[in-house]
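*Asks:* quick one, fold the following:
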Amino acid sequence: MLTLRKSEERGHANHGWLNSYHTFSFANYYDPAHMGFRSLRVINEDRVSPSRGFGAHSHRDMEIISYVLEGALEHKDSMGNSSVIRPGEVQIMSAGTGVTHSEYNHSDSDLVHFLQIWILPNQNGLKPSYDQKMFADAEKQGQLRLIVSPDGRDGSVKIHQDVSIYATILDAEQQLDYQLKPERYAWVQVARGSIMLNDRLLKQGDGVAVRDANSLALLGKEKSEVLLFDLA
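*Replies:* Numbers count the residues shown, from 1 in each chain. The predicted structure follows:
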């Protein structure tokens, strides 16, 4: 079964410097019908104005992933990490027992556009950690590139949860298939462009919850970038 979460039905908050769309309940947006899917708790699509951003704030017991689509995101945290995340790079911060961080648009002229993803960890009280890796477009073109996994296989960043995240870039009429194992679930998020997922047309910002299915066919309708979450 495929359940569509339409882009235009997401929560929305425009703070001037921040234009954010919430796939699931977040901050002042609350919808009891959309509190997450399995261990996937947050997918926010954020656009941050030049030289603006999120000041120092704290998290705990959450796996926080940033996936940059445009621009450059500057990160600093209480673990001593300081970095800039650009398109193709994936950042994961395991908040564990508690971490304070800030995220700013690194540019004084260009917007930064990124997905902020939160996943519930498989246990609380973990030691905070950080990782960041680049996955070139060539690795994602026409294929599903593993970018996040519970064991860090194939050069992916490691997460403390039974979740594997794949990224792909599809040209128009380019198709790939994915087989879900028994008792597994999936979430498909269109980061840009549009695709057919089995018999469903999905556009940028759309997401789909997948239950009781074993085969997914992704067909590009135009140049598109897609994330696929394989969930316990």
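
*Asks:* which positions in the worst-scoring helix or strand of the chain on mean pLDDT come out as buried?
*Replies:* Across the helices and strands of the chain, mean pLDDT, DSSP states H and E gives its lowest value to strand 53-59, namely a mean of 84. Of the residues in strand 53-59, Gly53, Phe54, His59 count as buried by neighbour count, 16 or more other Cβ atoms under 10 Å. Every C-beta, even on glycine, is put in place using the N, C-alpha and C of the backbone.

*Asks:* what are the boundaries of the helices in this structure?
*Replies:* 137-140 (DSSP state H).

*Asks:* would you check how far apart the nearest residue to Glu45 once chain neighbours are set aside and Ser215 are?
*Replies:* Take Glu45 and drop its neighbours on the chain: the residue closest to it by Cβ to Cβ, 6 or more residues apart in numbering is Tyr21, 4.5 Å away. Using Cβ to Cβ, to the nearest Å, Tyr21 is found at 29 Å from Ser215.

*Asks:* same question, Leu40
*Replies:* For Leu40, the distance to Ser215 equals 21 Å [Cβ to Cβ].

*Asks:* so for these two, which sits in the more crowded spot?
*Replies:* Leu40 (23 against 9; other Cβ atoms under 10 Å).

*Asks:* how near is the more buried one to Gly88?
*Replies:* 22 Å.

*Asks:* ditto for Thr3
*Replies:* Relative to Gly88, and taking Cβ to Cβ, Thr3 is found at 30 Å.
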